[in-house]
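Trainee: got a predicted structure plus its sequence, pasted below:
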Amino acid sequence: MSFFDKHVFICCNQRAAGESCCNNFGSSELLGYMKDKVKALGLAGEGKIRVNKAGCLGRCDDGPVMVVYPQETWYTFVDKNDIDEIVSEHMEHGRVVERLKI
């Protein structure tokens, strides 16, 4: 059994100026927002959810991106509303957010 029910990795990679990367779209700020939200809802910790910063996940053209394990679900997102929907639907209720899935 996994230590966490869900393990979320959000790409916060920053490339050289002019190169496409997730951090150009505010992924670091949204990582902090998602971590705080998951904690505030009591969803963080052993047997629950862990949200981590990741380096390049290799999907820059789809960015910003996150992947949720063990489900292996990839998402793109653009703002706090998207993060709220992913937390509510996927993290709390186990439903994939099809409109954000890549």
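Mentor: Good, I have the coordinates.
Trainee: what about the strands in this protein?
Mentor: 6-11, 49-54, 65-69, 73-76 (DSSP state E).
Trainee: how about the nearest residue to Val8 once chain neighbours are set aside, what does it touch?
Mentor: Using C-beta to C-beta, 6 or more residues apart in numbering and skipping the chain neighbours, the partner closest in space to Val8 is Val51 (4.5 Å). C-beta: built from backbone N, CA, C; applies to glycine. Each residue near Val51 by C-beta atoms under 8 Å, 6 or more residues apart in numbering is listed here: Val8, Ile10, Leu31, Met34, Lys35, Val38, Ala44.
Trainee: I'd like the distance between Val51 and Leu30.
Mentor: Using C-beta to C-beta, to the nearest Å, Val51 is found at 10 Å from Leu30.
Trainee: joint contacts of the two?
Mentor: Joint contacts of Val51 and Leu30 (C-beta under 8 Å, 6+ apart) are Ile10.
Trainee: save the strands of the chain as JSON lines, and put in mean pLDDT and distance to Glu85 too.
Mentor: What follows is the strands of the chain, written out as JSON lines (pLDDT from 0 to 100; distance: least, C-beta to C-beta, whole Å):
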{"stretch": "strand 6-11", "mean pLDDT": "97", "distance to Glu85": "14"}
{"stretch": "strand 49-54", "mean pLDDT": "97", "distance to Glu85": "15"}
{"stretch": "strand 65-69", "mean pLDDT": "97", "distance to Glu85": "13"}
{"stretch": "strand 73-76", "mean pLDDT": "98", "distance to Glu85": "10"}
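Trainee: now these in CSV, with distance to Gly26?
Mentor: As requested, those are exported to CSV (distance: least, C-beta to C-beta, whole Å):
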stretch, distance to Gly26
strand 6-11, 11
strand 49-54, 13
strand 65-69, 13
strand 73-76, 13
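Trainee: nearest to Arg99, of those?
Mentor: strand 73-76 (9.7 Å; C-beta to C-beta).
Trainee: only alpha carbons, please: show the closest one as PDB.
Mentor: Provided in PDB are the C-alpha atoms of strand 73-76 (Å, rounded to 0.1, in the frame of the first residue of the first chain):
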ATOM      1  CA  THR A  73      -3.700  11.400 -14.200                       C
ATOM      2  CA  TRP A  74      -2.200  14.400 -16.000                       C
ATOM      3  CA  TYR A  75      -3.700  17.900 -15.800                       C
ATOM      4  CA  THR A  76      -3.100  21.300 -17.200                       C
END
